[in-house]
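Participant: 3D model of this:
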Amino acid sequence: MLKKLSFPHFLSLLLIASVWVVYNQHGTVNDDGGLYIRQAYFFAQGDLKTAISIFNWPLFGFLIGTLHQLTNIPLLYAAHAIDVICFLIAALFFLKTLSLLTKDKNITLAGFLVIITSLPLIDDYLAMVLRDHGMWAGFMAGVYYFIKWHRTPSLFNALAWQACFIIGALFRPEVLIFNLILPAVTLFNPPKDQSKTQGFIQSITLILIGLGLLAIFGIYQATAGHALKLNLGRLPELYQRPLALVNQILTPLPVQSSNIFLKSVIDHYPHVFKFGFLSTVIVYKWIIAMGLLHLAAIYTALKYKLIGKPDLKIIKTLFLIAIIVSTANFFHIFVDTNRYWLTSYWLAYFIAAFGFLYWIKKISSLNNPIKFFSSGLFTLIVLLYVIIGLFDSKPHRPQELEVIDWLKTQHIDLEKVFFNDRRLIIYAQRYEIEDAELSEALQKQPAYIVLRASQLQDIQEMPSAYQQIMQFSLEGKVRFVVYKKQ
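Facilitator: Next up, the predicted model:
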């Protein structure tokens, strides 16, 4: 039955799954999400200066604020809607790219199964309020048009893949690396029926246009007698981060040991220890997040050479760039969250889809009762992954909502409460509150203060003018404390 479904059907199923996952999270908003939603509030209010000051890479917050203005739905719902739309766009171009790689119509089913069983996508990040979803959309569209350009090297396809990567970079600037590196790659692997020079010129067209517009703007500013003022947002990171990365790489990890022999080894081989340890973490995290099912599918596709060499070469090149970018980011800031590796996961899923396709065709060609047993086992495994992804997504209601509900039942005016926590600010819809230090808040002497209990040092310094009236615990630990001014 699933074999008869097409793109709209699969996207509709993914839409249903997305809405369910968001609903199943009971309105949970991640810490970064609080930043983007607060920025969206000021965009919706028309206060562009404050919005930009909150976060200087503003497209995601702008889209949330605009959708909120157009539909009047709450900002949190608008944020989820933008992310779900971006996820569906990424999924669409993922499936379209697979259709480019093979004429077998069953590849769409295989690609859908790969996505719906992807725990990093469905279980971990689909319901979070993140810029990454927009990055996925631009990135996957860029991959589609880049492969299409290699097959049909028209100027439209060249401009399309460059523009799509730039759109992805408007959500997360590291995607711009693909615009900078792929032209050089084209010199070694030009598109079909094109010379290296033609391919290179086409692949830098938008960069040249951008530089030209920048030059015109600079000349205009100079002739008009104005100083050149240009807010580049986070673009300077493209050269600042490599410099910081080099410095970080040359700095050994501050690891100490009471064992005299281990201490000697660490002292003599500090950089070997650092690279060995961090590289092991990267490989371990990547394999664990990918999962046995998809790793087995990748192994099957590579073993039986199910993807044509030219296409596999392009996927491997893009994968290598994605891994280099993610690795550099990890070595720089030591944050090992799986979402920083998701561009490489998306690329690996192309190969996994061919493994799924091989299994589907192999099972279909078997005779009963082996066919019945094999199809049942495959279906069971797929359903297990789907169930884990759809029903194991942080099912507990956020305690922050419990705090807000309690304040409301006590008839406490939320306008008189100071929240020093992004999530509480979002749930209370007090978007105008700055994420200020407690000492700054006390100068305004609010009627009520709600603190996260992890801020114990601040809590211990509460002045006598404030009395604790409520605390919220979870699993035996105090998490939030409510104070009232006497």
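
Participant: element containing residue 94?
Facilitator: helix 75-101 (DSSP states H and E).

Participant: gap between that helix and the chain center?
Facilitator: Relative to the centre of its chain, helix 75-101 is centred 12 Å away, using CA atoms, centre = their mean, to the nearest Å.

Participant: buried ones in that helix?
Facilitator: Residues 75-76, 78-98, 101 are the ones in helix 75-101 that count as buried (16 or more other CB atoms under 10 Å). From N, CA and C alone the C-beta is placed, and that goes for glycine too.

Participant: what helices and strands are in contact with the following helix or strand past that helix?
Facilitator: Note on helix 75-101: by DSSP H and E, the next helix or strand toward the C-terminus is helix 107-116. On a contact count with 3 or more CB pairs under 8 Å, 6 or more residues apart in numbering; DSSP states H and E, helix 107-116 meets helix 7-24, helix 75-101, helix 342-365, helix 370-391.

Participant: of all these, which one is nearest residue 196?
Facilitator: Among those, the nearest to residue 196 by CB to CB is helix 75-101 (22.9 Å).

Participant: helices or strands next to that closest one in the packing?
Facilitator: By 3+ CB pairs under 8 Å, 6+ apart, helix 75-101 packs against helix 7-24, helix 31-44, helix 59-71, helix 107-116, helix 132-151, helix 342-365.

Participant: as CSV, those helices with distance to residue 398 and mean neighbour count would be great.
Facilitator: Output for those, formatted as CSV (distance: least, CB to CB, whole Å; neighbours: other CB atoms under 10 Å):
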stretch, distance to residue 398, mean neighbour count
helix 7-24, 13, 16
helix 31-44, 12, 23
helix 59-71, 19, 20
helix 107-116, 26, 23
helix 132-151, 20, 25
helix 342-365, 24, 22
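
Participant: lowest average confidence, helix or strand, in the protein?
Facilitator: Lowest on mean pLDDT, DSSP states H and E among the helices and strands of the chain sits helix 456-460, with a mean of 57.

Participant: quick check, pLDDT for the residue sitting nearest the centre point of the chain.
Facilitator: Centroid-nearest residue in the chain: residue 132, 2.7 Å away (criterion: CA atoms, centre = their mean). At residue 132, the model reports a pLDDT of 96.

Participant: likewise residue 196?
Facilitator: Taking residue 196 on its own, its pLDDT is 91.

Participant: look up how far residue 188 lies from it.
Facilitator: According to CB to CB, to the nearest Å, residue 196 stands 8 Å off from residue 188.

Participant: go on, residue 174?
Facilitator: 23 Å.

Participant: between those two, who's got more neighbours?
Facilitator: Neighbour count, other CB atoms under 10 Å: between residue 174 and residue 188, residue 174 has more, with 21 against 8.

Participant: who's in contact with the strand or helix carrying residue 482?
Facilitator: Secondary structure assignment for residue 482, by DSSP H and E: strand 477-485. With CB atoms under 8 Å, 6 or more residues apart in numbering as the test, strand 477-485 has contacts from 399-400, 403, 406-407, 424, 445-454, 459, 462, 465-473.

Participant: equivalent analysis for stretch 351-366, please.
Facilitator: 98, 101-102, 104, 106-107, 109-111, 113-114, 294, 296-302, 304, 306-307, 312, 315, 371, 374-375, 378.

Participant: pipe the helices and strands packed on helix 107-116 into JSON lines and attach distance to residue 440 and mean pLDDT per row.
Facilitator: JSON lines is the format used below for the helices and strands packed on helix 107-116 (distance: least, CB to CB, whole Å; pLDDT from 0 to 100):
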{"stretch": "helix 7-24", "distance to residue 440": "34", "mean pLDDT": "93"}
{"stretch": "helix 75-101", "distance to residue 440": "25", "mean pLDDT": "97"}
{"stretch": "helix 342-365", "distance to residue 440": "37", "mean pLDDT": "96"}
{"stretch": "helix 370-391", "distance to residue 440": "42", "mean pLDDT": "93"}
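
Participant: would you list those helices in a markdown table and tack on distance to residue 60?
Facilitator: Listed next are the helices and strands packed on helix 107-116 as a markdown table, based on distance: least, CB to CB, whole Å:
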| stretch | distance to residue 60 |
| --- | --- |
| helix 7-24 | 17 |
| helix 75-101 | 7 |
| helix 342-365 | 16 |
| helix 370-391 | 24 |
